[in-house]
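Q: Mind folding the following:
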Amino acid sequence: MFDSLKRHSQKAGEAPGTATYSGNAKSFAPSLLRIDYSPDALEETSEAFPFSSLGERRMDNRFLLLTGLHEGEQVLAVGEWFGMHPLAMEDVLNTGHRPSFEEYDDHIVLTFRQVQYDPDVVRLKETHAALFCSERDVVGFLEEPSGLWEGVITRLRKGKTRIRRLGSLYLTIALLDAMVDGYFSALSSISADVEALEAALEDNPAEERSLKRIYELKRTVVALRNSLLPAQQALGALHRSEVVEMSSDVEPYFADVKGHADQVVEAAQAVLELLSSMLDLQISLAGMRMNNVMRFLTIIATIFIPLTFIAGIYGMNFTHMPELHWRYGYAAVLGLMVLVGAGMVRYFRNNRWL
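A: Predicted structure coming up:
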């Protein structure tokens, strides 16, 4: 959850606007996918690092997907080709950057975190993603290879669909929708684990590992929420942007994506509150179990106090103690102890202390 802080600290001491990659080292070569398209035609090229096919515009619109940000010079070359602001390129390469929306003279840049939930270790894997959008161009940046936008690219390839006709902003919204769907998928998996844990606790509320499991799930949901909230704010800022005009044809689809983002934020908050309630309940149950044990031990000790008193009197071994020489003294003392103990047990039960 604090990986972004560690990554951001790698830029300590650098001047503002310095675009350097701040993530972990990668073992794969970056790749570039280029799609030039119009309502009636599409041309696609792809290549591995180093890139050489930026070239001139071939059709009305253009989409580039750059996978792998660890070769910073190539990212800067792509950014410079599209006229990205230096601060925008810094945000793209800074993998610890908070999800945000920034607008410049003729383009906007959105940064997000792509999330994947690993139920085996109850951890959320977060990778950096960014989108550049201008009047006719969209560039996607992914820190690691992912199928996040594969569905959108497939729709783009299919032919005369809405995604080809409605321009770069609609394509950006479609890419954002896929990002929000990824949040839904992660939260759905986490919710399934929460429900399974809740069912297990109903059968065995004294499970010792339950507190740790609840804490791990809560930690994961907090990390997800911390990615969701600024992403939700970025979507709201996109709606108010004056750099990229949102037409009446596009606005309903954006409203749909914004509604999905709001929904997943609310769902994450609900899961977090449920986990908090489960944690409080487990702590309360543990306290009640401890109180029951302490009450039982206290009652046992209380019963033995008068019995110990009686035994202490007859254990003083004074010479002039008539009961010591009485034939039935031993049996009488034992009987007295039994009566005292039984009387105290009955008293405790009548008062529901036992």
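
Q: and the nearest residue to Arg136 once chain neighbours are set aside, backbone torsions?
A: Excluding its sequence neighbours, the residue lying closest to Arg136 (CB to CB, 6 or more residues apart in numbering) is Asn61, at 5.3 Å. C-betas here are computed from N, CA, C, even on glycine. Here is the backbone geometry of Asn61 (degrees, to the nearest 10): phi -130, psi 160.

Q: Then Arg240?
A: Torsion angles, degrees, to the nearest 10, at Arg240: phi -90, psi 0.

Q: how deep is it tucked in, by neighbour count?
A: Residues lying near Arg240 (other CB atoms under 10 Å) number 9.

Q: Could you check how far it is from Ala255?
A: From Arg240 across to Ala255, the span is 13 Å (CB to CB, to the nearest Å).

Q: neighbours around Gln269, how many?
A: Neighbour count for Gln269, taken as other CB under 10 Å: 14.

Q: and what of Asp36?
A: Neighbours of Asp36 using other CB under 10 Å come to 19.

Q: With Leu238 instead?
A: Neighbours of Leu238 under the rule other CB under 10 Å: 24.

Q: now swap in Leu228 and tell me
A: 27.

Q: Check which helix or strand it maps to.
A: helix 210-239 (DSSP states H and E).

Q: Residue ranges in the stretch 251-354 of the chain under the pLDDT threshold?
A: 354 (pLDDT under 70).

Q: can you do 50?
A: Within the stretch 251-354 of the chain, no range satisfies pLDDT under 50.

Q: how about the helices in it?
A: 251-313, 329-350 (DSSP state H, counting those that start in this stretch).

Q: Per-residue pLDDT of the residue nearest to Arg136, please?
A: Here the pLDDT value assigned to Asn61 is 84.

Q: Let me know how buried it is, in neighbour terms.
A: As a measure of burial, Asn61 has 24 neighbours, counting by other CB under 10 Å.

Q: Which residue lies nearest the spatial centre of this structure?
A: Leu224 (2.6 Å; CA atoms, centre = their mean).

Q: Surely that residue is in contact with Leu124?
A: Yes: in this structure Leu224 lies within contact range of Leu124 using CB atoms under 8 Å: 5.8 Å.

Q: Show me the common contact partners of those two, please.
A: Val115, Tyr117, Ala186 (CB atoms under 8 Å, 6 or more residues apart in numbering).

Q: Buried members of these into ChimeraX, please.
A: Filtering the shared contacts of Leu224 and Leu124 down to the buried ones (16 or more other CB atoms under 10 Å) takes a single ChimeraX command:
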select :115,117,186
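
Q: and Thr83, what does it touch?
A: One thing to correct before we go on: residue 83 is Gly, not Thr. Gly83 touches Asp106, His107, Ser134, counting by CB under 8 Å, 6+ apart.

Q: Now the last one. Nearest residue, chain neighbours left out?
A: Just to be clear, that refers to Ser134. Residue nearest to Ser134 in three dimensions, not counting chain neighbours: His107, with 4.0 Å by CB to CB, 6+ apart.

Q: What residues of the helix or strand hosting Glu202 count as buried?
A: Per DSSP H and E: Glu202 is located in helix 167-203. By neighbour count on 16+ other CB under 10 Å, the buried set for helix 167-203 is 167-180, 182-183, 186-187, 190-191, 193-194, 197, 201.

Q: again with stretch 338-347
A: For stretch 338-347, by 16+ other CB under 10 Å, it's Val340, Met344.

Q: Could you do stretch 251-269 as well?
A: Tyr253, Phe254, Val257, Lys258, His260, Ala261, Val264, Val265, Ala267, Ala268.

Q: And these, which is closest to Ala234?
A: Ala261 (9.2 Å; CB to CB).

Q: now that closest one: how far from Leu228?
A: Counting by CB to CB, the gap from Ala261 to Leu228 is 7 Å.

Q: Overlap in contacts, these two.
A: Tyr183.

Q: Direction included, what does the strand or helix carrying Leu65 pair against?
A: Element membership of Leu65 [criterion: DSSP H and E] is strand 61-67. When pairing is defined by DSSP bridges, strand 61-67 lines up against strand 31-38 (antiparallel), strand 137-142 (parallel).

Q: Please convert the ones you listed to JSON lines, extending it with mean pLDDT.
A: Converted to JSON lines, the strands paired with strand 61-67 look like this (pLDDT from 0 to 100):
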{"stretch": "strand 31-38", "mean pLDDT": "86"}
{"stretch": "strand 137-142", "mean pLDDT": "89"}
